[in-house]
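A.B. asks: Just the structure for this:
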Amino acid sequence: MSKPTGLRTEIIVSLTLLMAAALLFTGFLLLKLTERELVGQRLRSVTATMELVSRVLASDRHGDRSDGENLERRADPLLRPLAAATALASWSLVGRDLRPLGSSSPGGTVLQMSDLQRVKVTAEPAIELHYSSAWDPFHSKGDRSVLVTVPVMRHGEFAGALQARFSLAGVHQRVIKAQKVMFLYVALYGLVLVLFGGYLLGRTVVRPAKRLMEMTQQVAAGDLEVALPLEGPREIAELSGSFNAMTRALKKSREETEAHIRSLRKTNSKLQQTRDELVRSERLASVGHLAAGMAHEIGNPLGAAVGYLELLREELPTGNGRDLAGRALVET
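C.D. replies: Got it, this is the predicted structure:
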């Protein structure tokens with residue numbers, strides 16, 4: 001049979017599990033909210049950037065050129081500097097008939113025609129987010145990007161659309177770093193809380209419990225002079241007071257029992273003395289009865305012998321015979 005764990009170990013283990021669960025839950029919740037806020041800020045930033053680029057593309061600086069040539073000529077100088085600043089992965093430019101006019105790669109990029117058609121109809125930006133949260137610090141796979149499609153409006157009419165894909169890997173890396181810091185914080189903060197909590201619980205619960213156990217063993221050994229100090233939390237102080245009251249009650253009960261035992265011993269001694277006296281009196285009475293019986297049994301024949309000897313002495317003449325009868329009477 002395995003030895004049960006101590007109170008201090010149980011408290012420390014329970015406190016560690018509770019602290020770890022609470023801190024991890026709080027940390028993951030804050031991290032999730034932070035990740036959502038970072039992604040939201042990133043979306044608002046790239047959307048505002050793309051809207052600004054579309055307004056620049058829609059300006060009439062080169063009105064002598066066709067719309068397609070104007071847009072194609074001005075798109076690359078505007079978008080190329082954004083690649084490093086905004087993590088622009090790829091971009092594509094289409095005309096008013098949604099035909100490709102240019103892209104960031106010579107071979108072109110795959111266009112999301114559904115977003116382009118929606119932008120053409122609504123003249124509002126379309127955002128398609130691809131972001132998978134990964135709580136494993138060593139996990140970095142998955143598509144993390146946002147596809148932004150903005151219309152290019154010229155004189156209130158649809159002149160084309162700009163579709164760009166921005167990488168969100170930087171946001172994910174920031175979340176991973178924050179997650180590692182969070183794990184370290186949880187470990188250190190949890191260790192401090194467990195040590196401090198273990199010290200406090202040891203001082204307020206474990207130590208008084210051990211002292212109570214030691215005092216209980218002394219009481220079991222017969223020492224009723226022990227007393228616990230009334231200190232610590234209210235419950236511990238009340239328990240100590242109850243223990244002291246119990247020892248006082250046991251001490252009083254033992255004193256009453258000892259006094260009762262002494263009284264019984266004294267009474268038993270008197271009864272023994274009385275019994276001895278009764279036995280002695282009974283013996284004396286038996287001897288008296290025996291003596292009376294013997295006196296009766298012996299006295300009757302002797303009385304008869306005395307009577308006969310007196311008669312014989314009276315009838316004998318004076319002389320030796322009468323003298324012998326008198327002597328026999330005297331002896332009898």
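
A.B. asks: In this protein, where's the longest helix?
C.D. replies: Of all segments of type helix in the chain, defined using DSSP state H, the longest is helix 234-315.

A.B. asks: And that helix, what does it pack against?
C.D. replies: helix 207-220, helix 320-331 (3 or more CB pairs under 8 Å, 6 or more residues apart in numbering; DSSP states H and E). (Glycine included, C-beta is placed from N, CA and C.)

A.B. asks: which residues of this protein score low on pLDDT?
C.D. replies: 1-8, 60-72, 84, 106-110, 133-142 (pLDDT under 70).

A.B. asks: Let's see that with 50 instead.
C.D. replies: Applying pLDDT under 50 to the chain flags the ranges 1, 62-66.

A.B. asks: how close does residue 326 sit to residue 320?
C.D. replies: 11 Å (CB to CB, to the nearest Å).

A.B. asks: and these two? which has more neighbours close in?
C.D. replies: residue 326 (15 against 9; other CB atoms under 10 Å).

A.B. asks: Now do the same contact list for the more buried one.
C.D. replies: Contact analysis of residue 326 by CB atoms under 8 Å, 6 or more residues apart in numbering lists residue 313.

A.B. asks: quick one, strands of the stretch 101-250 of the chain?
C.D. replies: Using DSSP state E, counting those that start in this stretch, the strands of the stretch 101-250 of the chain run over 126-130, 145-154, 157-167.

A.B. asks: helices or strands next to the longest one in the packing?
C.D. replies: Okay, so that is strand 157-167. helix 7-57, helix 67-79, strand 88-95, helix 113-122, strand 145-154.

A.B. asks: Identify each buried residue in that strand, please.
C.D. replies: 158-167 (16 or more other CB atoms under 10 Å).

A.B. asks: what's the closest non-adjacent residue to residue 92?
C.D. replies: The shortest distance from residue 92 to any non-neighbouring residue, by CB to CB, 6 or more residues apart in numbering, is to residue 103 (4.4 Å).

A.B. asks: OK, contacts around the nearest residue to residue 56 once chain neighbours are set aside?
C.D. replies: Once flanking residues are discounted, residue 56 sits nearest to residue 78: 6.0 Å by CB to CB, 6+ apart. By CB under 8 Å, 6+ apart, the contact set of residue 78 is 53, 56-57.
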